[in-house]
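[1] model this:
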Amino acid sequence: MNEYIIYIGTNQSGSPRDGIEAGKKLGYSTILFTNRRKFIRERELFQDVDEMYEVDLSHEEEIRREISTLQQEGKKIACIISFLDSYVYVAARLSNEFCGTDISLEPIADCMDKTVLRTKLTGKEYSSDFIKMDPPFSKDGVKTFSYPVVLKSPVSNGSKDVLLIRNQDELTAGIKKLKRKKPPSLLVEEYLEGPQYLIEVVIKERKPVITVVVKQQIDYHKRFIVTGYSVSPVYHYPVLVRKVGEIVNDLGFVNGSCHLEMRLVKNKWKLIEVNPRISGGAMNKMIEEAYGLSIVEETLRVYLSKPHHSERKWEKHIYTYYMTVNKTGKLLKVIGKNMAEQQEGIIEVYIKPKNGKTLRPPTSMGHRYGYVMARGESVQESERRAKDASKDIQFYLESI
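    This is a model prediction of the structure:
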């Protein structure tokens, strides 16, 4: 009898889409619940999806009805999963309920609210100082900090609502800006200086079975935008890996996956944030190219109670450079993709927007409009190749 995996939401490409392909690879039929009518219209682009249903994902009862209907039709649902921020918790909870999986729900919920996360980890050596600001968001308590500080919404993702604050005036303006979105609270954190790393972790029975360290290159425009990721066997920090194990244990993860962002500050590892899913974009593909490991597949193996394939098949230096634009305009055309693809060591060139789309300078990670992924004989060579090839690509914009 065929078994099915239900995916709640996806993107057209990147890690969430890789998760669907991984389900097929493991021998399961795939069902996608989506609230994006565009995907229904462009059904032919989703060959890896066996069945697709338009579902209002903001209403859990509607999701439940659809699952129950599928079960009544005789479909055996092996697990329910999401690789998107908005749905990772509800998918895990429904999977436990309908499919008998054993995914850790409390740490997922804690990670969804940065204030709850910070409060839970207060006093830990890897934690940083913070202040929770409740409405009406008086800035008086911030006087205990020296500038710069970081101001963020506790429910932000993708750098959208994360602001660098350098003085009182910027704090006033930042609070005013974030208040418009009616957040439940605001978070002020000390600004930590130092190189930043992203760590992808898959946890089974309290043990991190996979831990992959990725160095980030962060550019500050009006937000903190990651423009480069480097995966390399030289990024092996035993102290960091032990610290990550300590953090996921402190959070109470028994089964699940997450990624952490950490900075090395004066020779001490400090936690920036934790997200209860794999990073989006090209992350899964990068790790596959670097080590022959699939984070999305290993996450599915946790949900499905299958044995892990955590051994690295090889070790390569991979760098991915993300492209942004420096002015706002309507995209007329993109040239140079073919030329970039032909450069030595280039694995993939991906252009996200279609002609006619309005592009703008980055104020969130969603304003990265493509990437170049490259391999090299060293960290430096892979980075150089990716950045050199990206220079062949030109976005032509019409001013608006």
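[2] go through stretch 165-185 and flag the buried ones.
    Within stretch 165-185, the residues that qualify as buried by neighbour count (16 or more other C-beta atoms under 10 Å) are I165, E170, L171, G174, I175, L178, P183, S185. C-beta: built from backbone N, CA, C; applies to glycine.
[3] the strands in the stretch 1-150 of the chain, which residues?
    3-8, 29-34, 51-54, 76-81, 130-133, 149-152 (DSSP state E, counting those that start in this stretch).
[4] which secondary structure elements does the third one contact?
    Contacting strand 51-54 under the criterion 3 or more C-beta pairs under 8 Å, 6 or more residues apart in numbering; DSSP states H and E are the following elements: strand 29-34, helix 37-41.
[5] export the strands of the stretch 1-150 of the chain to a markdown table and tack on mean pLDDT?
    Output for those, formatted as a markdown table (pLDDT from 0 to 100):
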| stretch | mean pLDDT |
| --- | --- |
| strand 3-8 | 98 |
| strand 29-34 | 98 |
| strand 51-54 | 97 |
| strand 76-81 | 98 |
| strand 130-133 | 89 |
| strand 149-152 | 91 |
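[6] nearest to P353, out of these?
    strand 29-34 (20.2 Å; C-beta to C-beta).
[7] other SSEs contacting the closest one?
    strand 3-8, helix 15-25, strand 51-54, helix 60-72.
[8] of all the ones you listed, which lies closest to T299?
    Of the helices and strands packed on strand 29-34, nearest to T299 by C-beta to C-beta is helix 15-25, at 7.4 Å.
[9] and M365, backbone torsions?
    Dihedral angles of M365 (phi, psi; degrees, to the nearest 10) stand at phi -70, psi -20.
[10] and the strands in the stretch 301-400 of the chain?
    Assigned by DSSP E, counting those that start in this stretch, the stretch 301-400 of the chain shows strands spanning 317-322, 329-335, 346-351, 358-359, 370-376, 394-398.
[11] low-confidence stretches in this structure?
    For the chain, residues meeting the criterion pLDDT under 70 lie at 1, 141, 143, 158-159, 221-222.
[12] outline the domain layout of it.
    Split into domains by automatic domain parsing, the chain comes to 3-101, 104-123+193-217+230-298, 129-190, 316-400.
[13] could you single out the most deeply buried of the strands of the stretch 301-400 of the chain?
    Among the strands of the stretch 301-400 of the chain, judged by mean count of other C-beta atoms under 10 Å, the one packed with the most neighbours on average is strand 317-322 (a mean of 26).
[14] run me through the strand neighbours of that strand, direction for each.
    Looking at strand 317-322 with DSSP bridges, its partner strands are strand 224-231 (antiparallel), strand 370-376 (antiparallel).
[15] Serialize those to TSV and add fields for distance to L293.
    As requested, the strands paired with strand 317-322 are exported to TSV (distance: least, C-beta to C-beta, whole Å):
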stretch	distance to L293
strand 224-231	10
strand 370-376	16
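[16] V212: which of the ones you listed is closest?
    Once the strands paired with strand 317-322 are compared by C-beta to C-beta, strand 224-231 is nearest, at 7.0 Å.
[17] longest strand in this protein, please.
    strand 207-220 (DSSP state E).
[18] give the other helices and strands that that one contacts.
    strand 196-204, strand 224-231, helix 238-251, helix 283-291, helix 295-303.
[19] so who does Q216 touch?
    Q196, Y197, L198, V226, G228, Y229, S230, E261 (C-beta atoms under 8 Å, 6 or more residues apart in numbering).
[20] apply 6 Å and report the result again.
    Q196, L198, V226 (C-beta atoms under 6 Å, 6 or more residues apart in numbering).
[21] if we can go back for a sec, pick the one among the buried residues of stretch 165-185 closest to I8.
    P183 (24.2 Å).
[22] what is the neighbour count of E383?
    The number of residues packed near E383 is 23, by other C-beta atoms under 10 Å.
[23] cool, and R41?
    9.
[24] look up how far T34 lies from it.
    Per C-beta to C-beta, to the nearest Å, R41 is found 11 Å from T34.
[25] what about E381, distance to L117?
    37 Å.
[26] more crowded one of those two?
    More crowded of E381 and L117, by other C-beta under 10 Å: L117, with 22 against 16.
[27] contacts only, for that one.
    Counted by C-beta under 6 Å, 6+ apart, L117 has contacts D110, C111.
[28] distance check, it against S230.
    Distance, L117 to S230, using C-beta to C-beta: 26 Å.
[29] same question, I20
    I20 sits 27 Å away from S230, going by C-beta to C-beta.
[30] in which helix or strand would I find L178?
    helix 168-179 (DSSP states H and E).
[31] dump that helix to CSV, keeping only the CA atoms.
    C-alpha atoms of helix 168-179 as CSV (Å, rounded to 0.1, in the frame of the first residue of the first chain):
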residue,chain,number,x,y,z
GLN,A,168,18.5,57.5,20.7
ASP,A,169,17.0,59.0,17.5
GLU,A,170,17.3,55.8,15.6
LEU,A,171,15.7,53.9,18.5
THR,A,172,12.7,56.3,18.4
ALA,A,173,12.4,55.9,14.7
GLY,A,174,12.8,52.1,14.8
ILE,A,175,10.2,51.7,17.5
LYS,A,176,7.8,53.8,15.5
LYS,A,177,8.5,51.7,12.3
LEU,A,178,8.0,48.3,14.0
LYS,A,179,4.9,49.4,16.0
